[in-house]
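Novice: After the sequence you'll find the predicted model.
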Amino acid sequence: MEHGKPPSSSRTLDLRSRYMQGRPGQLVAPDSFAASNVRLSPAKYSYEGDWLFCSFKDAEWRAARIGFGRGKLDWTDYGVDDLPIADNALFWRVELIGRQGIYAFVSSDPSQGDGLASNEATLQVKFEQSGERLFQIEGWPDARWEFQSPGGALQVRLQVQPQKLAVWPDFVMPNNTFSMCLGSCRLGGTMVVEGGRQAVEGWGVFDHPRIVVEKNAVPPFGWYLYAPLCFSCGTQVISYYSQDGLGSKDRHYSMGFVTDTQGTAHWLTDHRVTQLKVGESDLPLSWSAELTGEEASVSYQARILDVPMIRGWGNANLPGKGKYPGYPLLMEAEGECRIRGHRRKLENGGGICEFLVRKNLQPRYP
């Protein structure tokens, strides 16, 4: 498959997105990607957000996850009945993983979304509280991301340059429709952790989710694994794998793409996860993955590192109450890719993955 062209496999002909412009599986240059896909439109969508998963070259700082989400979703799809559906909820995070462990600020509030300001012309989004600008994202396609915890103990200033962008197939649940676009990026900037400033450079995965709370006649949600990886050579692999609550793989959502060291991207129409080992806390320990497409394939083995929490602020500061929601899971991975017949080893891979199982579900993992 040539990058920028839709996949021709019959497996993907029926793919579409209800709330994103563009055909899922088209990997396009940032200048050709619809800016409307990343412009906040709270009147149209129940929930929107911007998230950035970072992998750094620096030996001191390994990874980061920053971003926000505003609006509501129906938590019953995840087996949770006691969380409110709030139109003006605001969730945002600054999570930095260093050699010693995790520093994190997390905020979750049912009404702070009122304070989120956006400018459609510049695609600027900012949030201020008590005279402090706590986060701002501005520009497209190149963008500047600035996030800090209240008081400035954690600060991140990054220039983000997308390489290839794509619309993902919709993730359809009984009470929510989840649309998303994402892209592979290069990034650089500075981080401040408790007064110590550090220049950082590396790669990132940007995603912009949109949720519409609506009824759909589909099986219940089961679990998903989102694994954005970058290897030492600069090759990036982005993938989702999901099963519904009845134990069937979501063949549309379980896909990925690979961006090579020259910035050329290939859509991977099938994703197979095997040997998934999950610990007592319902979090993954290790797994193997195989992704295949028409002209490229990727296989890798990943494991989750046991990284301690060094310090938390906001909702991440929960002494005596265990891990806070959405604890960042740091991956290590090794594998190989084949692109147009050429084989390359993938070494020293890393990144932050997300894994979620519907509450009270007891799945049989592959």
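Specialist: Done, it's in.
Novice: Please enumerate the helices of the stretch 201-350 of the chain.
Specialist: Assigned by DSSP state H, counting those that start in this stretch, the stretch 201-350 of the chain shows no helices.
Novice: any weak-confidence spans in it?
Specialist: Along the stretch 201-350 of the chain, the parts satisfying pLDDT under 70 run over 318-326.
Novice: Ignoring the adjacent residues along the chain, who's closest to Gln275?
Specialist: In space, and not counting its chain neighbours, Gln275 is closest to Ser288: 4.8 Å by C-beta to C-beta, 6 or more residues apart in numbering. The way it works is simple: take the backbone N, C-alpha and C, and place the C-beta from them, glycine included.
Novice: Gly98 now?
Specialist: Trp61 (5.0 Å).
Novice: Pretty sure that neighbour sits against Glu95.
Specialist: No. Trp61 is not in contact with Glu95 according to C-beta atoms under 8 Å; the separation is 11.6 Å.
Novice: Those two: who's more crowded?
Specialist: Glu95 (25 against 21; other C-beta atoms under 10 Å).
Novice: so what's that one bridging to?
Specialist: On the basis of DSSP bridges, Glu95 is bridged to Arg65, Ala104.
Novice: now the strands: where do they sit in the stretch 201-350 of the chain?
Specialist: 221-226, 229-230, 236-244, 256-259, 265-268, 270-278, 284-292, 296-304, 309-314, 329-339, 342-357 (DSSP state E, counting those that start in this stretch).
Novice: To Phe206, which of these lies closest?
Specialist: Phe206 sits nearest to strand 236-244 of all these, at 10.1 Å, using C-beta to C-beta.
Novice: quick one: that closest one to strand 284-292, angle?
Specialist: If you take axes from the mean of the first three to the mean of the last three C-alpha atoms, to 10 degrees, strand 236-244 sits at 110 degrees to strand 284-292.
Novice: what's strand 236-244 in contact with?
Specialist: Residues outside strand 236-244 that contact it (C-beta atoms under 8 Å, 6 or more residues apart in numbering) are 168, 171, 182, 184, 203, 205, 218-231, 249-250, 253-259, 268, 271, 273, 289, 291, 298, 300, 337, 346, 349, 363.
Novice: Contact partners for the residue nearest to Gly98?
Specialist: Contacts of Trp61 (C-beta under 8 Å, 6+ apart): Leu96, Ile97, Gly98, Arg99, Met191, Gln198, Val200.
Novice: Identify, from these, the entry nearest to Ala29.
Specialist: Val200 (25.1 Å).
Novice: How about the closest one: what's its closest non-neighbour residue?
Specialist: Closest to Val200 by C-beta to C-beta, 6+ apart is Phe56, at 4.8 Å.
Novice: you'd agree the one you found is up against Glu201?
Specialist: Yes. Phe56 lies in contact with Glu201 (C-beta under 8 Å); the separation is 6.9 Å.
Novice: which residues of the stretch 51-200 of the chain score low on pLDDT?
Specialist: Scanning the stretch 51-200 of the chain for pLDDT under 70 picks out the ranges 84.
Novice: Tell me where it has strands.
Specialist: Under the criterion DSSP E, counting those that start in this stretch, strands of the stretch 51-200 of the chain are mapped to 61-71, 90-98, 102-109, 116-119, 124-129, 132-138, 143-148, 154-172, 176-193, 196-213.
Novice: Gly263: which of those strands is closest?
Specialist: strand 154-172 (4.7 Å).
Novice: Any buried residues in that closest one, and which?
Specialist: 154-158, 160, 162-172 (16 or more other C-beta atoms under 10 Å).
Novice: And for stretch 39-58?
Specialist: Those would be 39-40, 45-56, for stretch 39-58 by 16+ other C-beta under 10 Å.
Novice: re the thing from before, residues in a beta bridge with the residue nearest to Gln275, which ones?
Specialist: Under the criterion used (DSSP bridges), Ser288 bridges to Thr274, Gln301.
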